[in-house]
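Engineer: Please find the sequence and the predicted model below.
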Amino acid sequence: TAMLYRSSRQITQAKTEAEVLQTLTETLNKTNFLSLVLTVEEDSLKVISFGDPKASSVGSAVKGISLPMQRGAARLKDNAILILENLQASNDFENLTAFLTRRSCRSAALIPILENGRPTKLIALGTRESTPLSSSRLQPYASLAEVASTAFERFTVLQTLQDRLSELQVMEYVGHAVTAETDPEQLYKTLHDVISDQMGSDLSFAVALFNASTNQIEFPYMIDVGKQMTVPPLPLGEGMTSEVVKKQKPLLINNNLEEAAQRLGAKLVGQLPKSWLGIPLVIAGNSIGAILLQDMENENRFSQTDVNLLNTISPQIATAIRNSQLLAEMAKTTSAYEQEHFLLDSLLTNLPDRVAFKDAALRYLRVSEIMAKDYGFRSASHFIGKDDAQIMGSEIGQQALAEERQILESGQPVLDTVEKTVDD
């Protein structure tokens, strides 16, 4: 009991989860029990440490093995101490009890370590004694498990706070990095650099953009194994990127990527990555594309923390990309307008015919240079903003205006009409 009390104090003062697990392992190895510390996973128990008072060197041999568990998680949640008096009898932990039985244990106790009411780890104690285990004998170990539970919950809270702080720092970093970028190509490279700083430069990176007019996904920027790649557009609906764009949810595949890709209808070309992560880019409820990351060498490269981080900064990324697109479109439109303006100026300057453009109020917008000269003006700019009455005089001008109003009202052109011009 004194040893367990000292261990409880050590756990309370521990700074990391690894320190807690080490203290648990060292403490249990000093008892007369055959002991295991395990991680409780969805359908299995994974060995963290193992100690046997009769065989001190076997712990490392079983570390990391998984014991399938079809049932039992609910019982762990509902029992602070679960005593299995007869390991030969059928129970919800048959693979674990078989492990203990093979080592001559007759009975066992399972003591869950809970985090927020959910069993995340498990202490298993086995005995070779014929006398069954009792709750009173095991109570100090249950108290040790409660202290460990409190420590793990504290670490979770601290990690959550640290993750959130990191996210805020990255958001600020991303904001500074991308705000000034207006050129799409440079923006993609900047985003790549920012994400590489956070997650590693060995990752492949791509920007995928959804083109609603063609219903295709385009890849304006892709770096694979350090080389820039050119990938043709893909129809929306084929594969993992389409899954991210359509559902507007992250997609994380950390292993068995070929199986997942085939299930999603992806076209597999070349070497397959070991880990793949897609983060949607959404503005005002509309998908504009996705950020894609992949590791060609390592499975389980990405974590939920990575997903959370990228999800946090994805609105900034989406906005920056959309702004750069709008600026590029505006620059293209401006360039086209300037080109058309130049061509119209050239036409009106050199055309030998009288040509004029008017607004709905029949005021002049543009006229050819020859028309200005025919009316005795040095520049066509003299016409701008004036009507025929101001240019030709009241009588002739009003007649011309009346004829042109008739054209506007009827919507019918006047063709093949010869007008007589009389010089003053």
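Structural biologist: Happy to help now that I have it.
Engineer: use CA for all of it now, contacts and neighbours both
Structural biologist: Noted.
Engineer: Quick check: Asn211 vs Asn286, distance?
Structural biologist: Distance check for Asn211 against Asn286: by CA to CA, to the nearest Å, it reads 12 Å.
Engineer: does the residue lying closest to Glu17 once chain neighbours are set aside belong to a helix or a strand, and which?
Structural biologist: Spatial nearest neighbour of Glu17, chain neighbours left out: Phe152 (6.5 Å); criterion: CA to CA, 6 or more residues apart in numbering. If you go by DSSP states H and E, Phe152 is part of helix 135-179.
Engineer: Using the three-state scheme, assign the residue nearest to the spatial centre of the chain.
Structural biologist: Closest residue to the average C-alpha location of the chain: Ile279 at 2.3 Å, with CA atoms, centre = their mean. Ile279 falls in the strand class when you classify it by DSSP: H, G, I helix; E, B strand; the rest coil.
Engineer: Now do the contacts for the residue nearest to it when sequence neighbours are not counted.
Structural biologist: Spatial nearest neighbour of Ile279, excluding adjacent residues (CA to CA, 6+ apart): Pro250 at 4.7 Å. Neighbouring residues of Pro250 by CA atoms under 8 Å, 6 or more residues apart in numbering: Val244, Leu277, Gly278, Ile279, Pro280, Val307, Asn311.
Engineer: Using ChimeraX, make a named selection holding only the buried ones among those residues.
Structural biologist: Buried subset of these, written as a ChimeraX selection, criterion 16 or more other CA atoms under 10 Å:
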select :244,277,278,279,280,307,311
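Engineer: who's in contact with the residue nearest to the centre of the chain?
Structural biologist: Val244, Lys249, Pro250, Leu251, Ala290, Ile291, Leu292, Val307, Leu310, Asn311, Ser314.
Engineer: From those residues, which land in strands?
Structural biologist: Leu251, Ala290, Ile291, Leu292 (DSSP state E).
Engineer: For the residues you listed, which entry has the maximal number of neighbours?
Structural biologist: Highest neighbour count within these: Ala290, with 29 neighbours (other CA atoms under 10 Å).
Engineer: burial of the nearest residue to Ser134 once chain neighbours are set aside, as a residue count?
Structural biologist: Spatial nearest neighbour of Ser134, excluding adjacent residues (CA to CA, 6+ apart): Ile83 at 7.7 Å. Neighbourhood size, Ile83 [other CA under 10 Å]: 21.
Engineer: Over to the one 4 residues further on?
Structural biologist: Here the number of neighbours of Leu87 (other CA under 10 Å) works out to 22.
Engineer: any idea how far Leu100 is from it?
Structural biologist: Distance from Leu87 to Leu100, by CA to CA: 8 Å.
Engineer: which stretches of the stretch 101-250 of the chain have low pLDDT?
Structural biologist: Applying pLDDT under 70 to the stretch 101-250 of the chain flags residues 161, 164-182, 238.
Engineer: Was I right to think Ala108 contacts Ile123?
Structural biologist: No. With contact defined as CA atoms under 8 Å, Ala108 does not count as touching Ile123 (10.4 Å).
Engineer: Quickly find the element holding Ile11.
Structural biologist: With DSSP H and E as the test, Ile11 turns up in helix 2-13.
Engineer: now for that helix, which elements pack on it?
Structural biologist: On a contact count with 3 or more CA pairs under 8 Å, 6 or more residues apart in numbering; DSSP states H and E, helix 2-13 meets helix 17-29, helix 135-179.
Engineer: longest single helix anywhere in this protein?
Structural biologist: Ranked by number of residues, the top helix in the chain under DSSP state H is helix 304-350.
Engineer: residues near the nearest residue to Arg71 once chain neighbours are set aside, how many?
Structural biologist: Using CA to CA, 6+ apart and skipping residues adjacent in sequence, the residue nearest Arg71 is Asp92, 5.3 Å away. By other CA under 10 Å, 13 other residues sit near Asp92.
Engineer: So the residue nearest to Ser134, which state does it fall into?
Structural biologist: strand.
Engineer: right, and it touches Leu133 too?
Structural biologist: Yes. Between Ile83 and Leu133 there is a contact at 7.0 Å, judged by CA under 8 Å.
Engineer: shared neighbours of those two, anything?
Structural biologist: Ser107, Ala108, Ala109.
Engineer: can you list contacts of the helix or strand in which the last one is found?
Structural biologist: Translated: Ala109. Element membership of Ala109, judged by DSSP H and E, is strand 107-115. By CA under 8 Å, 6+ apart, the residues outside strand 107-115 that reach it are 76-77, 79-87, 97, 119-129, 132-133, 141-142, 145-146, 148-150, 152-153.
Engineer: Can you select the buried ones from those in PyMOL?
Structural biologist: Selection of buried members from the contacts of strand 107-115 for PyMOL, criterion 16+ other CA under 10 Å:
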select buried, resi 76+77+80+81+82+83+84+85+87+97+119+120+121+122+123+124+125+126+127+128+133+141+142+145+146+148+149+150+152
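Engineer: still on that earlier bit, for Arg322, find the nearest of the helices and strands packed on helix 2-13.
Structural biologist: Closest approach to Arg322 among the helices and strands packed on helix 2-13 is made by helix 135-179 (11.7 Å; CA to CA).
Engineer: circling back: tell me which helix or strand comes right after the helix holding Phe152.
Structural biologist: Defined by DSSP H and E, the subsequent element after helix 135-179 is helix 184-199.
Engineer: I'd like the distance from that next one to the chain centre, please.
Structural biologist: 14 Å (CA atoms, centre = their mean, to the nearest Å).
Engineer: which secondary structure elements does that helix contact?
Structural biologist: Short answer (3+ CA pairs under 8 Å, 6+ apart): helix 184-199 packs on helix 135-179, strand 216-224, helix 304-350.
Engineer: Now that helix: buried residues?
Structural biologist: So, applying 16+ other CA under 10 Å, buried residues of helix 184-199: Pro184, Leu187, Tyr188, Lys189, Thr190, Leu191, His192, Val194, Ile195.
Engineer: which among those gets closest to Lys15?
Structural biologist: Ile195 (29.1 Å).
Engineer: So for the helix holding Ile11, mean pLDDT?
Structural biologist: The average pLDDT within helix 2-13 is 86.
Engineer: what angle sits between that helix and helix 17-29?
Structural biologist: Angle of helix 2-13 versus helix 17-29, following axes from the mean of the first three to the mean of the last three CA atoms, to 10 degrees, is 180 degrees.
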